[in-house]
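Asker: What shape does this take:
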Amino acid sequence: MTSLLTVQNLSVGFGPLTAVSDVSFDIPAGACVAIVGESGSGKSVTARTILGLAGRDATVSGSIGFDDTDLTHSSPRRLRALRGRDIGFVSQGALVALDPLRTVGHEIADSLRVHTKLSPRQRQERVIELLESVGMPEPMLRASQRPDQLSGGLRQRAVIASAIALNPRLLIADEPTTALDATVTAGILDLLATLRERGTAILLISHDLAVVSRLASHIVVMRAGVVVESGSTQQVLREPRHPYTRELIAAVPGGLPHTGSPAGEPVVTATGVTKRFGSRVAVDEVSYELRRGRTLGVVGESGSGKTTLARLTLALERPDAGSIELFGEPWTAVPERDRTARRPRIGAIYQDALSSFDPRLTVRQILADALGPAAELGRRVTEAELVSLVERVGLNANVLPRHPRVLSGGQQQRVAIARAIAPRPDVIVCDEPVSNLDVSVQAQVLALLDGLQREFGLSYLFITHDLGVVRQVSDELLVMKDGVVVERGETEAVFAEPRHPFTRALLAAVPKLRR
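Answerer: Numbering: from 1, shown residues only. Model prediction:
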């Protein structure tokens with residue numbers, strides 16, 4: 001079968017660093033090839049190099065052929081003409097890929113305006129059609145909103161809609177389902193499968209082997225810029241040859257029950273909490289109790305109110321009704337000056353790690369600032385403390401002088417976790433803390449969080465779309481839909497006998513590793 005994309009002996013360097021070394025693969029029309037590997041393995045660099053977006057300081061050798069075009073020697077103008085029209089791209093940084101000053105509808109319509117002769121009305125109709133195809137609720141409303149008015153999962157869907165707007169012949173999808181819940185992930189995978197059946201070639205980059213096993217016909221396993229294994233999906237997953245591939249497969253969350261610390265006294269108590277944004281009720285009379293040493297998982301579709309509940313718990317939003325207590329004392333009902341002394345006792349790990357950092361600060365400065373209470377007591381934060389902190393989350397001390405923007409997505413998330421645990425809080429609100437991590441690093445981070453919980457009696461409010469992860473980490477579970485808690489209970493009881501139809505649908509939609 002003739003290949004639409006052919007990559008031969010591709011190497012990419014940045015100064016003395018070789019990010020990709022001698023990578024080769026090809027993708028026929030209607031086929032899907034997946035690249036898997038740890039953060040920093042060269043997956044995203046490979047994808048961006050194919051698009052001519054490696055960067056001005058990149059040194060590229062080897063060849064990339066797309067149909068009858070040599071991409072490695074194409075002019076910037078030729079590459080710009082191909083991008084969008086013939087090659088669609090869903091970037092790993094989808095959460096910050098949209099223009100914050102324009103509506104989602106205008107963003108998606110741009111490529112239609114440039115590359116088609118559709119009238120403004122026809123473009124608008126096509127935008128709504130695209131948003132519907134990616135499972136966007138209330139597509140007409142969402143098309144009129146800016147990205148900051150959408151949840152992470154809704155922004156992810158908007159980016160996917162933009163990437164497929166022109167029915168490209170090749171779609172490069174870099175972690176396309178990272179921020180999506182199980183039901184929407186299932187819908188996106190169905191959509192990608194339909195595109196593949198219609199002849200679209202897909203280069204899928206993902207750390208989710210369950211997603212890969214459903215969509216890809218061929219897997220390329222990368223580590224440290226090198227292909228360590230390549231073969232059919234069935235062969236790689238059933239009979240992996242390389243030890244690293246076996247590690248990746250073994251690290252997939254298996255849905256084993258969580259065995260947490262004994263429950264202590266309540267540390268966070270929410271009573272009838274409600275939050276509205278205009279006419280929309282984001283959180284509707286939600287109550288919960290989080291006890292010391294326990295993990296309360298919160299799951300639900302994108303836009304169900306999970307992140308708003310997290311922000312209310314952190315007192316970053318004020319409820320319109322109801323209240324939250326922290327350590328038995330008023331938390332949301334008091335002025336910020338009365339919360340300041342207790343702020344270090346409750347930390348946060350955000351889904352979009354990069355946007356949560358001050359871009360002017362290095363990792364060393366970010367973590368030193370997080371250790372601020374020690375400095376306020378007159379003790380200087382030592383280099384040894386900073387090194388110990390980054391090593392606890394699986395990073396090397398060489399990240400300390402660097403800015404987060406030059407780190408991989410997985411490294412950025414680990415810095416965010418290091419920052420959260422730095423002041424030794426009692427409670428950590430975890431909003432999708434491992435969604436951007438490959439399975440091996442995800443397993444390490446989950447083990448780290450579990451170890452910290454056991455050692456220090458930490459309590460976690462753990463928000464995630466990954467039901468395998470939530471089953472592994474949580475003692476109790478809240479299932480949310482449209483701002484309302486539709487089911488709650490001990491995690492294993494909910495998984496064993498879900499009572500609400502939505503919970504049953506959510507569990508049924510979870511991608512499973514196919515071998």
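
Asker: and residue 49, backbone torsions?
Answerer: When quoted as degrees, to the nearest 10, the phi and psi of residue 49 stand at phi -70, psi -40.

Asker: The nearest residue to it once chain neighbours are set aside bridge partners, please.
Answerer: Spatial nearest neighbour of residue 49, excluding adjacent residues (C-beta to C-beta, 6 or more residues apart in numbering): residue 12 at 5.3 Å. In this view, the C-beta of every residue, glycine as well, is placed from N, C-alpha and C. In this structure, residue 12 bridges to residue 20, residue 60 when assessed by DSSP bridges.

Asker: Surely residue 12 is in contact with residue 46?
Answerer: Yes. Between residue 12 and residue 46 there is a contact under C-beta atoms under 8 Å: 7.5 Å.

Asker: Could you tell me which residues touch both of these two?
Answerer: Here residue 12 and residue 46 have residue 20 as joint contacts, going by C-beta atoms under 8 Å, 6 or more residues apart in numbering.

Asker: Who has more neighbours out of those two?
Answerer: The neighbour count for residue 12 versus residue 46, taken as other C-beta atoms under 10 Å, is higher for residue 46 (28 against 23).

Asker: now the closest residue to residue 263 other than its chain neighbours: how far from residue 450?
Answerer: In space, and not counting its chain neighbours, residue 263 is closest to residue 291: 4.3 Å by C-beta to C-beta, 6+ apart. Distance, residue 291 to residue 450, by C-beta to C-beta, to the nearest Å: 16 Å.

Asker: Could you do residue 302 as well?
Answerer: 26 Å.

Asker: the more surrounded of the two?
Answerer: Neighbours were counted for residue 302 and for residue 450 using other C-beta under 10 Å; residue 302 has more, 23 against 19.

Asker: Tell me if residue 79 really is in a strand.
Answerer: No. Going by DSSP: H, G, I helix; E, B strand; the rest coil, the assignment for residue 79 is helix, not a strand.

Asker: Could I get the phi/psi values of the spatially closest residue to it that is not a sequence neighbour?
Answerer: Closest residue to residue 79 apart from its sequence neighbours, by C-beta to C-beta, 6+ apart: residue 52 at 3.9 Å. Residue 52 adopts backbone torsions of phi 80, psi 30, taken as degrees, to the nearest 10.

Asker: Contact partners for residue 52?
Answerer: For residue 52, the contact set (C-beta under 8 Å, 6+ apart) comprises 71, 74, 76, 79, 83.

Asker: what helices or strands is the one helix or strand residue 485 maps to leaning on?
Answerer: Here residue 485, judged by DSSP states H and E, is contained in strand 484-490. Judged by 3 or more C-beta pairs under 8 Å, 6 or more residues apart in numbering; DSSP states H and E, the packing partners of strand 484-490 are strand 280-291, strand 476-481, helix 501-508.

Asker: how about a cut-off of 10 Å?
Answerer: strand 280-291, strand 295-300, strand 476-481, helix 491-496, helix 501-508 (3 or more C-beta pairs under 10 Å, 6 or more residues apart in numbering; DSSP states H and E).

Asker: deepest of the ones you listed, which one?
Answerer: Compared across these, strand 295-300 shows the largest average neighbour count, a mean of 26 (mean count of other C-beta atoms under 10 Å).

Asker: Paired strands for it, with orientation please.
Answerer: strand 459-463 (parallel), strand 476-481 (parallel).

Asker: how about these in JSON lines, adding mean pLDDT and distance to residue 118?
Answerer: JSON lines is the format used below for the strands paired with strand 295-300 (pLDDT from 0 to 100; distance: least, C-beta to C-beta, whole Å):
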{"stretch": "strand 459-463", "mean pLDDT": "96", "distance to residue 118": "39"}
{"stretch": "strand 476-481", "mean pLDDT": "96", "distance to residue 118": "36"}
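
Asker: Sketch out the low-pLDDT regions of the stretch 1-150 of the chain for me.
Answerer: Within the stretch 1-150 of the chain, the segments meeting pLDDT under 70 span 1, 92-96.

Asker: For it, which segments are assigned as strands?
Answerer: Counting by DSSP state E, counting those that start in this stretch, residue ranges of the strands within the stretch 1-150 of the chain are 3-14, 17-28, 32-36, 58-66, 69-70, 87-90.

Asker: mind putting those in CSV, distance to residue 393 included?
Answerer: Below are these laid out as CSV (distance: least, C-beta to C-beta, whole Å):
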stretch, distance to residue 393
strand 3-14, 24
strand 17-28, 22
strand 32-36, 22
strand 58-66, 29
strand 69-70, 42
strand 87-90, 28
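
Asker: Does the residue nearest to residue 49 touch residue 59 like I think?
Answerer: Yes. Residue 12 is within contact range of residue 59, at 7.1 Å (criterion: C-beta atoms under 10 Å).

Asker: Which neighbours do the two have in common?
Answerer: 18-19 (C-beta atoms under 10 Å, 6 or more residues apart in numbering).

Asker: gap between the nearest residue in space to residue 264 that is not next to it in sequence and residue 447?
Answerer: Leaving aside its sequence neighbours, residue 264 sits nearest to residue 292 (C-beta to C-beta, 6+ apart; 3.1 Å). Per C-beta to C-beta, residue 292 is found 21 Å from residue 447.

Asker: Mind checking which of the two has more residues around it?
Answerer: residue 292 (20 against 12).

Asker: Quick check on that one: phi, psi?
Answerer: Dihedral angles (degrees, to the nearest 10) for residue 292: phi -60, psi 130.

Asker: any idea how far residue 459 is from it?
Answerer: Distance, residue 292 to residue 459, using C-beta to C-beta: 5 Å.

Asker: between the two, what contacts are shared?
Answerer: Contacts common to residue 292 and residue 459, judged by C-beta under 10 Å, 6+ apart, are 261, 263-264, 266-268, 426-427, 453.

Asker: Can you list which of these are found in strands?
Answerer: Among these, the ones falling in strands (DSSP state E) are 266-268, 427.

Asker: Show me the strands in the stretch 201-350 of the chain, by range?
Answerer: 201-205, 218-223, 226-232, 266-277, 280-291, 295-300, 321-326, 329-330, 346-349.

Asker: can you list those in JSON lines and add distance to residue 122?
Answerer: Formatted as JSON lines, these follow (distance: least, C-beta to C-beta, whole Å):
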{"stretch": "strand 201-205", "distance to residue 122": "27"}
{"stretch": "strand 218-223", "distance to residue 122": "37"}
{"stretch": "strand 226-232", "distance to residue 122": "42"}
{"stretch": "strand 266-277", "distance to residue 122": "32"}
{"stretch": "strand 280-291", "distance to residue 122": "29"}
{"stretch": "strand 295-300", "distance to residue 122": "35"}
{"stretch": "strand 321-326", "distance to residue 122": "44"}
{"stretch": "strand 329-330", "distance to residue 122": "55"}
{"stretch": "strand 346-349", "distance to residue 122": "44"}
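
Asker: So for residue 251, which of the ones you listed sits nearest?
Answerer: strand 218-223 (13.1 Å; C-beta to C-beta).

Asker: so what does the closest one touch, helix or strand wise?
Answerer: strand 17-28, strand 32-36, helix 43-50, strand 201-205, helix 209-215, strand 226-232, helix 233-238, helix 243-250.

Asker: returning to what we had before: how near is the residue nearest to residue 264 to residue 471?
Answerer: 22 Å.

Asker: next one: residue 12
Answerer: 39 Å.

Asker: Over to residue 238?
Answerer: Counting by C-beta to C-beta, the gap from residue 238 to residue 471 is 25 Å.

Asker: between the two, who's got more neighbours?
Answerer: residue 471 (23 against 11).

Asker: Let me see the domain layout of the protein.
Answerer: The chain resolves into domains spanning 3-250, 266-508 when parsed by automatic domain parsing.

Asker: Same list (those) but as a markdown table, adding distance to residue 514.
Answerer: Compiled in a markdown table, the domains of the chain are given as follows (distance: least, C-beta to C-beta, whole Å):
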| stretch | distance to residue 514 |
| --- | --- |
| domain 3-250 | 4 |
| domain 266-508 | 14 |
